[in-house]
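Novice: next input, structure requested:
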Amino acid sequence: MKTLINNDCPHVTLISDNPFFESTTTVETIEENLFLIHIRLTALQKDYPPVCRIEWSIPAVDIHSLWHPGTDRNKAFQVDWGDGFQSKSTSLAPVASLFNLSGQNRMTFAFSDALNNVSIKAGIHEEDSSFLCSVTLFEEALPKMDHYEATLRIDHRNIPYHKALEDVTLWWETLPGYKPAVVPDVALRPMYSTWYSFHQALNAAELEEQCRLAKELGCDSIIVDDGWQTDDNNRGYAFTGDWEVYDGKIPDMKSHVEAVHRLDMKYMLWYSVPFVGKCSKVWGQFENKLLRVDEKLNAGVLDPRYPDVREYLIHTYEQAVTGWDIDGLKLDFVDSFRLSPDQKEGTAEGRDYESVPEAVDRLLSDVMDRLKAIKPDILIEFRQTYIGPLMRKYGNMFRANDCPNDSIQNRVRTLDLRLLSGNTAVHSDMIMFNPNEPLESAAMQLINVIFSVPQISLRLNDIGEDYLAMLRFWLAFSREHSDVLLRGALYPQQPELLYPLVTARKDDIQIIAIYADAVVPIDQDASQLFIVNGTYSEKLVIRSSLSPAYYKIQVKDCCGQLISLQTQQINKGLLEVSVPKAGIISFTRVPGSL
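Specialist: Presented below is the predicted three-dimensional model:
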């Protein structure tokens, strides 16, 4: 079948070679240059859906970069003969944005089906310098069906790229079954994580001591990662699946959690959701209810299409919340729920779903619903790249993918997450640094994630008072201004250059972070302005386009020590100011000075 859509929107073609499915398409114009293309496939009787490709093209005019949820540090153009990227409920999201050097949207497109596997492409076509765009459906086998509906959203409006992406996020929120989970306040406050500081070598007494120190620095929760459930510290998954506490590390989990609660900290626990290890007690119970076996991991991937598999996992988490009084879960590896064509799946009777994506949706939705019934403010974290619109209803915290000691990567990943996450809490990958790191360089780890919730993973009793003072200052700044940093309007500039200038604003407060030697523009009046120096330069150049006014100007170093304090008039034009590397300057307008 082949259907042409001719309207004011781009010419879109729907292509498939299956004659048994008929297609209909309608175009809805939302406003000028914003379109919804509704697609409907029907068959007289149920059949396996055919591979379908929705195609269109636009001239490569005034377009300089490509953003999608998986570009990471490479915002370069792709080629039309490349693979593009794949999206499903537990991996990335079906959206891409083409924009120019001014950050203005030239085309942002998104797809409504974030549940099933779809392939997304926006590649340059050499022959005529155009972008060939496509959304390909049903490449991953689905059960037989006789009906399918979805919507392609195409946005050509001349608006900032981040506004176009924000509008996609808001659109997804309106779709049936996509309502995001409520985000408790504690999800927006700094947390301590055990992964980089302990890996699997956990110890209850040491964890409680880290909680005491982390609380003093400004953390309100601990995330206890892999290792609590096994005496095997080799990072494998052979012993996952039973989820019993190894008492050689944590002799009494309930008492341990109580000790952390007495410090006024929340307690979260890690689970590798799909994995059941060959050395676990329950291996025999589930070895024939697997999607596949991963011999390298020495574990199988559970098949969520079995109701007893789902119930076992949910009951496990319920027991942890009720029995140990934990406050949240870090649910890992959920993108591993997929059929693998090169491995044989289990053959046991009793599945109540044919579709793996639908079964995963049921599992993760039920996890959230049933845990909320026990603790309404339950915390559930997912790690990039399981960060799409459906993941926002399964959890309320998204964490940047692992990038240990890489401050720039952490900045890119947290900002990429912010662009699509709405009010879901976005967390940094865990902060760590070498014990011999220069203090200003260590501070860069926090400064680069200032627009997300910082997670800390250091042995706090070993790093020394200077580093503690630095952490204390920046975590206090993050907490004090979280409403602006995390809930204000966000303006991340030039993704193609890894976001060298980022601004957040709420009410009459503005916070700017500069990560490259460039001029900092001040073109919005604010009663209070902070500029964070994320560079190794000790001078910043500011260009003001505001009317002259008097400001109290305060400069602090990376530990919050006051360097200078003065009141001076700021005029239109350029102003050079001295700010230590990894330091901060604040401008507070003197009342009545305008």
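
Novice: got the buried residues for stretch 238-246?
Specialist: A238, F239, T240, G241, D242, W243, V245, Y246 (16 or more other CB atoms under 10 Å). (Each C-beta comes from the backbone N, C-alpha and C, glycine too.)

Novice: just the CA trace of it, in PDB.
Specialist: Presented in PDB, the C-alpha positions along stretch 238-246 are these (Å, rounded to 0.1, in the frame of the first residue of the first chain):
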ATOM      1  CA  ALA A 238      24.500 -15.000  38.500                       C
ATOM      2  CA  PHE A 239      23.100 -14.400  42.000                       C
ATOM      3  CA  THR A 240      20.300 -12.000  41.100                       C
ATOM      4  CA  GLY A 241      16.700 -13.000  41.300                       C
ATOM      5  CA  ASP A 242      16.200 -14.100  45.000                       C
ATOM      6  CA  TRP A 243      16.600 -10.500  46.300                       C
ATOM      7  CA  GLU A 244      17.500 -11.700  49.800                       C
ATOM      8  CA  VAL A 245      19.900  -9.500  51.800                       C
ATOM      9  CA  TYR A 246      23.400 -11.000  52.200                       C
END
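
Novice: returning to that earlier point: and which of the buried residues of stretch 238-246 is nearest L475?
Specialist: V245 (29.7 Å; CB to CB).

Novice: for the closest residue to the closest one other than its chain neighbours, what are phi and psi?
Specialist: Excluding the flanking residues, the one nearest V245 by CB to CB, 6 or more residues apart in numbering is M253, at 4.6 Å. Backbone torsions of M253, given as degrees, to the nearest 10, read phi -60, psi -40.

Novice: doesn't Y246 make contact with M253?
Specialist: No - at 9.9 Å, M253 does not count as touching Y246 under the criterion of CB atoms under 8 Å.

Novice: what is in contact with the two at once?
Specialist: Shared contacts of M253 and Y246 (CB atoms under 8 Å, 6 or more residues apart in numbering): W228.

Novice: distance to P19 and pLDDT for the buried residues of stretch 238-246 - can I get that in a markdown table?
Specialist: Listed next are these as a markdown table, based on distance: CB to CB, whole Å; pLDDT from 0 to 100:
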| residue | distance to P19 | pLDDT |
| --- | --- | --- |
| A238 | 49 | 91 |
| F239 | 52 | 90 |
| T240 | 47 | 94 |
| G241 | 46 | 96 |
| D242 | 51 | 97 |
| W243 | 50 | 97 |
| V245 | 58 | 97 |
| Y246 | 59 | 96 |
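
Novice: grab the two from those residues that are most spread out in space.
Specialist: A238 and V245 (17.4 Å).

Novice: mind giving me the packing neighbours of the longest strand anywhere in the chain?
Specialist: In the chain, with assignment by DSSP state E, the single longest strand is strand 34-47. Applying 3 or more CB pairs under 8 Å, 6 or more residues apart in numbering; DSSP states H and E, one finds that strand 34-47 makes contact with strand 21-31, strand 52-59, strand 145-155.

Novice: for the second one, which strands pair with it and how are they oriented?
Specialist: Within its sheet, strand 52-59 is paired with strand 12-15 (antiparallel), strand 130-137 (antiparallel), according to DSSP bridges.

Novice: ditto for the last one
Specialist: When pairs are called by DSSP bridges, strand 145-155 turns out to pair with strand 34-47 (antiparallel), strand 105-111 (antiparallel).

Novice: what does the first one rub up against?
Specialist: So the one you mean is strand 34-47. Strand 34-47 has contacts (CB under 8 Å, 6+ apart) with 5, 7-9, 12, 14, 18, 20-30, 49, 52, 54, 144-157.

Novice: which stretches of the stretch 151-300 of the chain form strands?
Specialist: 191-193, 221-224, 266-272, 275-277, 290-294, 299-302 (DSSP state E, counting those that start in this stretch).

Novice: can you report how many residues lie near A76?
Specialist: If you count neighbours by other CB atoms under 10 Å, A76 ends up with 10.

Novice: equivalent analysis for L562, please.
Specialist: 9.

Novice: look up how far R262 lies from it.
Specialist: According to CB to CB, to the nearest Å, L562 and R262 sit 35 Å apart.

Novice: quick one, helices of the stretch 151-300 of the chain?
Specialist: 161-174, 195-198, 204-217, 253-262, 283-286 (DSSP state H, counting those that start in this stretch).

Novice: buried stuff in the third one?
Specialist: Of the residues in helix 204-217, those buried by neighbour count under the rule 16+ other CB under 10 Å are A204, E206, L207, E208, Q210, C211, R212, L213, A214, K215, L217.

Novice: the second one now?
Specialist: Judged by neighbour count (16+ other CB under 10 Å), helix 195-198 contains these buried residues: W195, Y196, S197, F198.

Novice: out of the residues you listed, the closest to P521 would be?
Specialist: Y196 (36.4 Å).
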